[in-house]
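Trainee: coords please:
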Amino acid sequence: MKNHILLSLILCITSSFAQELKIDPVSKKYQYEGVVNVENASKNELFNKAKQWIAHYYKSSADAIKYANKEDDTIILKATYHELWVASNYWVDYTIALKFKDGRFKYLFSDFYYSYHLNGRTPLEDNFLTKNGVLKKLRKQVESSAKSLTEYISAPQLADNW
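Mentor: Here you go, the predicted model:
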């Protein structure tokens, strides 16, 4: 039974990472999305596990969560990726939208904005630096976040026998 659960978890995780950070043909903006199947999990369980992941993953979950509503099965987060690059700091702000249904959840990373020193905030798509390593580093960060979220939510609930 444990092997069956582990195999299911591995298949769910690997199938959800066929995506990549790419330009959406409709919005013309970068996005990264995936749908993850979680067998025998209600949308309420998935919603609650996502909120637990947010509490563990972010320094201040209250600041990260911009919208959370169980009635429409949605959580929206604002996140920031920070990198030291060529003796200067840059930030990429983005949105993570989570949607839940019985047995699955969807994540969507979108609305990426780049900030560098004093130049203000620009959409990532308009920034020439996306070809100079920023996009590659951001892709790794987004993939890491999506993997962490997926693993946390997909992990079997252990009995709380204390």
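Trainee: Count the neighbours of Leu138 for me.
Mentor: Residues lying near Leu138 (other C-beta atoms under 10 Å) number 22. The way it works is simple: take the backbone N, C-alpha and C, and place the C-beta from them, glycine included.
Trainee: Over to the one 5 residues further on?
Mentor: The number of residues packed near Glu143 is 16, by other C-beta under 10 Å.
Trainee: Going forward, the N-terminal residue is numbered 8.
Mentor: Happy to do that; since the first residue is 8 now, the last one works out to Glu150.
Trainee: Pick out the residue closest to the middle of the chain.
Mentor: Nearest to the mean C-alpha position of the chain, counting by C-alpha atoms, centre = their mean, stands Ala153 at 4.2 Å.
Trainee: is it true that that one touches Gln38?
Mentor: No. At 11.7 Å, Ala153 and Gln38 do not qualify as touching, with contact defined as C-beta atoms under 8 Å.
Trainee: Quickly list what's touching both of those two.
Mentor: Common contacts of Ala153 and Gln38 (C-beta atoms under 8 Å, 6 or more residues apart in numbering): Phe116.
Trainee: What's opposite Phe112 in the beta bridge?
Mentor: Counting by DSSP bridges, Phe112 is bridged to Val43, Phe107.
Trainee: Just read off the phi/psi values of Asp31.
Mentor: Main-chain dihedrals, Asp31, degrees, to the nearest 10: phi -70, psi 130.
Trainee: from what I can see it touches Gln38, true?
Mentor: Yes. The pair Asp31 and Gln38 passes the contact test of C-beta under 8 Å, sitting 4.9 Å apart.
Trainee: overlap in contacts of these two?
Mentor: Common contact partners of Asp31 and Gln38 (C-beta under 8 Å, 6+ apart): Ser117.
Trainee: Neighbour count: the two, which is higher?
Mentor: With neighbours defined as other C-beta under 10 Å, Asp31 and Gln38 compare such that Gln38 has more, 20 against 13.
Trainee: residues in contact with that one?
Mentor: Contacts of Gln38 by C-beta under 8 Å, 6+ apart are 28-31, 115-117.
Trainee: Name the nearest of those residues relative to Ser49.
Mentor: Leu115 (21.2 Å; C-beta to C-beta).
Trainee: low-confidence ranges in this protein?
Mentor: Applying pLDDT under 70 to the chain picks out residues 8-26, 92-95, 124-126, 134-139, 166-169.
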